[in-house]
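In: requesting a structural model of the entry that follows:
(chains A and B)
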There are 2 protein chains.
Amino acid sequence: MYLEKINGPQDIKSFNEEQRKALAQEMREAMLKRASVHGGHFGPDFGIVECVIALHTVFDSPKDKFVFDISHQAYPHKMLTGRKDAYLYAEHYDDVSGYTNPEESEHDMFNVGHTSTSISLATGLAKARDLKGDKENIIAVIGDGSMSGGEALEGLDTAGEMDSNLIIVFNDNDQSIAEVHGGMYKGFRELRETKGQSERNLFKAMGLEYRFVEAGNDTEALIAAFSEVKDIDHPVVIHIVTQKGKGYKLAEENKEDWHWHMPFDIETGEARQEMVDPYAEQTAATFLRLAREDEKFIAISAATPSSMGLTQERRRALGKHYLDVGIAEEQAVAMASGLARNGAHPVFGDFSSFFQRTYDQLSQDVCVNNNPATFLVFWASMYGMNDVTHLGFYDIPMMSNIPNLVYLAPTSPEEYQAMLDWAIPQEKYPVAIRVPHAMVGSSKRPVRESYDELNKYEVVKDGSHVAIIGLGNFYNLAEETAAKLKEQGIEATLINPLFITGQDKELLEKLKANHELVVTLEDGVLDGGFGEKIARFYSADKMKVLNFGLSKNFYDRYDYEALAKENHLTAAQVAEDILANL
Amino acid sequence: MYLEKINGPQDIKSFNEEQRKALAQEMREAMLKRASVHGGHFGPDFGIVECVIALHTVFDSPKDKFVFDISHQAYPHKMLTGRKDAYLYAEHYDDVSGYTNPEESEHDMFNVGHTSTSISLATGLAKARDLKGDKENIIAVIGDGSMSGGEALEGLDTAGEMDSNLIIVFNDNDQSIAEVHGGMYKGFRELRETKGQSERNLFKAMGLEYRFVEAGNDTEALIAAFSEVKDIDHPVVIHIVTQKGKGYKLAEENKEDWHWHMPFDIETGEARQEMVDPYAEQTAATFLRLAREDEKFIAISAATPSSMGLTQERRRALGKHYLDVGIAEEQAVAMASGLARNGAHPVFGDFSSFFQRTYDQLSQDVCVNNNPATFLVFWASMYGMNDVTHLGFYDIPMMSNIPNLVYLAPTSPEEYQAMLDWAIPQEKYPVAIRVPHAMVGSSKRPVRESYDELNKYEVVKDGSHVAIIGLGNFYNLAEETAAKLKEQGIEATLINPLFITGQDKELLEKLKANHELVVTLEDGVLDGGFGEKIARFYSADKMKVLNFGLSKNFYDRYDYEALAKENHLTAAQVAEDILANL
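Out: Down below sits the predicted model:
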């Protein structure tokens, strides 16, 4: 057993070939066992074990600095840099995050969870080194799936003009999260087939020196290649060919399902629990219907079809009504604008955190032009991904303050359906829908069919003294709170605002007659959010307003209940705060 | 005279070579005369006259659809599509915007003012055409300066996988706004030198067919090339070599100064008025000093060095302390994060509207990692660029709600200097500074040296009843308003908040003792802005709050005074509203 004794990269430097082979085997076994119990990213890490062993054999971290793109490939790196326990012993599985993390180790340069950033960050590290007159190696490790992102391409372009040490390891396994998409992948395929000789060479086109290593899962070949470029005095790209999921047959065969995986049975590969988002399923079902009914319909993904429930089979069924642009969110949004401008009915869906890539495209390409594309924002909720790099609840300040955008917040699957059915065929407004999180259940309330009357809120129940405006996911919290108030003899007015992007001035004005307190509840950050618009509306009036939501903070791997309590987001807390203000 | 008789593209279709030459000459003369009186974009339009004549000769707009990247090259297009009067007659110069504009003409597909969007938008038009079973040509026209932007590169990648008509005209004049930067330009140079034969070929690397036309200012060569690809059944790139500023010697010789130009004397080229932003000058002076004093200092530009007052001479003087990444704002921000992480003191400055490209990089690359880079946001003001595509006052909702970012709002050159001197060398916080607009003058008030005590506002004058919080550019408006209130016997408290990103809770709490109204003034949009944070703070108290700022809207080519009045932003209006609420 080697792995148990590795406390840092120095412990593997003198290994021989056999020992490295054995180590790689041990690392895969540990990752497999951990993944089967704990879940997490799988394929990317299994493919890069040999590469990481070779990197830590040749380079001297932390003096030499690694930047792992999106960190999906960082598990092996963590195992060799003092964090093996988190992969060997179940009781330590949660000691580490799923991403590189400077708070964990001096061997990690950045906390990275979005793709396509490694080259840009590395150019900065390299330039700072030069300013200080230092001499270390700077190494960016980036997978082919990440290369389609604009930030990575801008980074390559800048790297191509630099004139000092910078090593870009391009880990090519011919796979993104799903299959790769984009013309550059033709080039990569040709480079693999010609052992690096094809003229379709993105890296040379960007002004960079280029080297090819076919045996990307052979530690010895990699050590030789990395040794050649160590301390090189200019930027260089090393294109290595690896196998995603290597070492676990099921993952080798079905790369998409094993990019990330829930806990599973090692023998059969069967997940120990199903994770089905009913809203993703509903979205996929709607798309399949629209593909039959509306020749102008088209669904766009930026490499995350699963966000919309689009399995490989369903994508095939959608045919020409489905398009994956790869990891390229800016392209997805701008293309949607072009589609809408020429009369199509485009829908682009993605996880909330990745819409952060598209502010300018939403504003300029779509909303300045008022082109009627539809955007589905998934997991914009505190009850979603809880890694600091994937927080979904900053969408409201970012998106809702862009003019012309109609940002809708459904409160149930029925309302989500009505909004989908209205938004996609209409040709008047750019529309975004904040898709409810998976636990938001059915409602028996009738739902509005058309949302053409902008910023018209729905009064679900007339009451007095207190009006509770429960936005989207938190409409249920409004109902629960109202029930608690009723126990105290207060019949609160209940409002489902539907629209995040504006004030229903007429209704808000009317509330003044028999209410003294308006409460807003939103499943998002307070700063720049929905509640503040209501607070502003009443700011010079006698009406009191209480805004409930999250305070602005980069929460990391938080406990949902604890976060809710900390921010006074339980019905009991809200009711208590209301009573204290009456 | 031909131009006077051209009312649409059909009027030039039967022209012969001589007529086209004469037309090109007339178009340049008209543009020169107009620019000398009116100012505007210059070099890009002068270089592309022949190309536009050829495009409208070969293709059938509006059935065939053109997308001009950033529209800097759109003047000749406008002249040939029914808008010649705006270039021929002084009284009509203002009839058209500086960008393509669907409200002006059916020949314009989008209102575009940010770079690098044309290919993405064109892929959308093309895909919509295919869904509908239509057959028109889709043509994107993009300059080499725009090609470094992530959105353009993502667009190329998607185009490289498409399988129907899409024609990308790559207008290569070897110049961005300033000189070009990035490794891809080595490739473009080699392509020019080898007449398209070099192996450094970005377009082929992206999976695209590639054609080269050396004579990019020869209408006949272009007509031949375009005729060959008309109705082509797959995407193709036509690389044409043109001369920026062609036809006006001064512009040919100094491409940077003549990218955009103020009105000037045609004989001498001398500008009729100087446009100097004192804050840009101050920024440049600070940089030149830091380059001598701080080896870790580095200024970054994304192709807009003029925003920071960095003339060609000053850039040379900065030496290794200056870096231009080209039009690549994501790269600029992420690289700044890498620089800060490795101990440098990076500053990235740009126009406010272009920071919209960097939301995710600010959030993930910089702020999640809390890396102490400095960002200078220029012309974040209603008194800035007033084209709808360049509005600078949406920065506060976008940036100020990102955790960890310290967004400062100086109120004078002295305070701006203090903030620069504090922000750049400190190594604790990511800091952005909202640089005042040019008309914000000196103040005799002493300024704080350190801004380490976050969210600590400055009480400039103690008063009672009314407290006026004047943010950044609008602090002066707060003073003027206070003067008007004094005439009515009211001594208002005057507050300079300094920090956009948080509430000074202690101070706000204290104000309750002897104030009944708090007023916020901000030179930005109200939705998601600074004032709403104050409204939220007091929302459940007796304290009244009035928020002044712009209502959310895509204003276009507005009159500053009229917009101020419309939004109640004159001192008289603010004072009146205050009095009505006491």
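
In: flag every residue of the stretch 251-400 of chain A that's near chain B.
Out: A:295-296, A:298, A:320-321, A:323, A:325-326, A:328, A:330-331, A:334-344, A:346, A:356-357, A:359-361, A:363-365, A:367-369, A:388-389, A:394, A:397-398, A:400 (Cβ under 8 Å from any Cβ of the partner chain). C-betas here are computed from N, CA, C, even on glycine.

In: can you select the buried ones from these in PyMOL?
Out: For the buried members of these, the matching PyMOL selection, counting by 16 or more other Cβ atoms under 10 Å in any protein chain shown, is:
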select buried, chain A and resi 296+298+321+323+325+326+328+330+331+334+335+336+337+338+339+340+341+342+344+346+356+357+359+360+361+363+364+365+367+368+369+388+389+394+397+398+400
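
In: of the residues of the stretch 251-400 of chain A next to chain B, which belong to strands?
Out: Among those, the members found in strands (DSSP state E) are A:Ile298, A:Leu323, A:Pro346.

In: so what's the second one closest to, chain neighbours aside?
Out: In other words, A:Leu323. Closest residue in space to A:Leu323, ignoring its immediate chain neighbours: A:Ile300 at 5.2 Å, by Cβ to Cβ, 6 or more residues apart in numbering or on different chains.

In: tally of neighbours for the closest residue to A:Phe530 other than its chain neighbours?
Out: If the residues on either side of it in the chain are set aside, A:Phe530 comes closest to A:Glu522, at 4.8 Å by Cβ to Cβ, 6+ apart. A:Glu522 has 28 neighbours, counted by other Cβ atoms under 10 Å in any protein chain shown.

In: next, A:Glu522: secondary structure please.
Out: strand (DSSP: H, G, I helix; E, B strand; the rest coil).

In: ok, A:Pro102 next?
Out: Assignment for A:Pro102 (three-state DSSP): coil.

In: tell me which residue of the stretch 201-350 of chain A lies closest to chain B.
Out: A:Gly338 (2.0 Å; Cβ to the nearest Cβ).

In: which ones are touching that residue?
Out: A:Asp365, A:Asn371, B:Val67, B:Ser120, B:Leu121, B:Ala122, B:Thr123, B:Gly124, B:Leu125, B:Ala126, B:Lys127, B:Ala128 (Cβ atoms under 8 Å, 6 or more residues apart in numbering or on different chains).

In: next: A:Glu4.
Out: A:Glu4 touches A:Lys84, A:Leu88, counting by Cβ under 8 Å, 6+ apart.

In: next one: it relative to chain B, how far apart?
Out: 32 Å (Cβ to the nearest Cβ, to the nearest Å).

In: and the pLDDT for that residue?
Out: The model reports A:Glu4 with a pLDDT of 97.

In: my guess is it is in a helix, correct?
Out: Yes: under three-state DSSP, A:Glu4 sits within a helix.

In: mind naming the longest helix for chain A?
Out: helix A:17-38 (DSSP state H).

In: what helix or strand does A:Ile53 sit in?
Out: helix A:49-58 (DSSP states H and E).

In: what's that helix packed up against?
Out: When contacts are defined as 3 or more Cβ pairs under 8 Å, 6 or more residues apart in numbering or on different chains; DSSP states H and E, helix A:49-58 packs onto helix A:17-38, helix A:75-80, strand A:138-143, strand A:166-172, helix A:219-229.

In: could you dump the ones you listed into a markdown table and include distance to chain B and mean neighbour count?
Out: Formatted as a markdown table, these follow (distance: least, Cβ to the nearest Cβ, whole Å; neighbours: other Cβ atoms under 10 Å in any protein chain shown):
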| stretch | distance to chain B | mean neighbour count |
| --- | --- | --- |
| helix A:17-38 | 23 | 18 |
| helix A:75-80 | 17 | 27 |
| strand A:138-143 | 8 | 28 |
| strand A:166-172 | 11 | 27 |
| helix A:219-229 | 17 | 18 |
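
In: tabulate the ones you listed (a markdown table), appending mean pLDDT.
Out: Listed next are the helices and strands packed on helix A:49-58 as a markdown table, based on pLDDT from 0 to 100:
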| stretch | mean pLDDT |
| --- | --- |
| helix A:17-38 | 95 |
| helix A:75-80 | 96 |
| strand A:138-143 | 97 |
| strand A:166-172 | 97 |
| helix A:219-229 | 98 |
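
In: mind checking which of the ones you listed is nearest B:Leu191?
Out: strand A:166-172 (22.9 Å; Cβ to Cβ).

In: any idea whether the residue nearest to A:Leu323 is helix, strand or coil?
Out: strand.

In: give the bridge partners for it, please.
Out: A:Leu323, A:Phe348 (DSSP bridges).

In: which residues touch it?
Out: A:Tyr322, A:Leu323, A:Asp324, A:Val325, A:Ala332, A:Met335, A:Ala336, A:Leu339, A:Pro346, A:Val347, A:Phe348, A:Gly349.

In: JSON lines please, covering the residues you listed and showing pLDDT.
Out: Shown next, in JSON lines, are the contacts of A:Ile300 (pLDDT from 0 to 100):
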{"residue": "A:Tyr322", "pLDDT": "98"}
{"residue": "A:Leu323", "pLDDT": "97"}
{"residue": "A:Asp324", "pLDDT": "97"}
{"residue": "A:Val325", "pLDDT": "97"}
{"residue": "A:Ala332", "pLDDT": "98"}
{"residue": "A:Met335", "pLDDT": "98"}
{"residue": "A:Ala336", "pLDDT": "98"}
{"residue": "A:Leu339", "pLDDT": "98"}
{"residue": "A:Pro346", "pLDDT": "98"}
{"residue": "A:Val347", "pLDDT": "98"}
{"residue": "A:Phe348", "pLDDT": "98"}
{"residue": "A:Gly349", "pLDDT": "98"}
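
In: nearest to A:Lys204, of those?
Out: Nearest to A:Lys204 out of the contacts of A:Ile300 is A:Val325 (Cβ to Cβ; 24.2 Å).

In: contact partners for that closest one?
Out: A:148, A:181-182, A:300-303, A:331-332, A:335, B:154, B:157-158.

In: now the terminal residues of stretch A:50-70, how far apart.
Out: 19 Å (Cα to Cα, to the nearest Å).

In: buried set for that stretch?
Out: For stretch A:50-70, by 16+ other Cβ under 10 Å, it's A:50-59, A:61, A:64-70.

In: from A:His181, how far off is the closest residue to A:Ala178 other than its chain neighbours?
Out: Distance criterion Cβ to Cβ, 6+ apart; nearest residue to A:Ala178, sequence neighbours excluded, is A:Glu256 at 5.0 Å. Plainly put, A:Glu256 is 13 Å away from A:His181 if you go by Cβ to Cβ, to the nearest Å.

In: show me the common contact partners of those two, please.
Out: With Cβ under 8 Å, 6+ apart as the test, A:Glu256 and A:His181 reach no residue in common.
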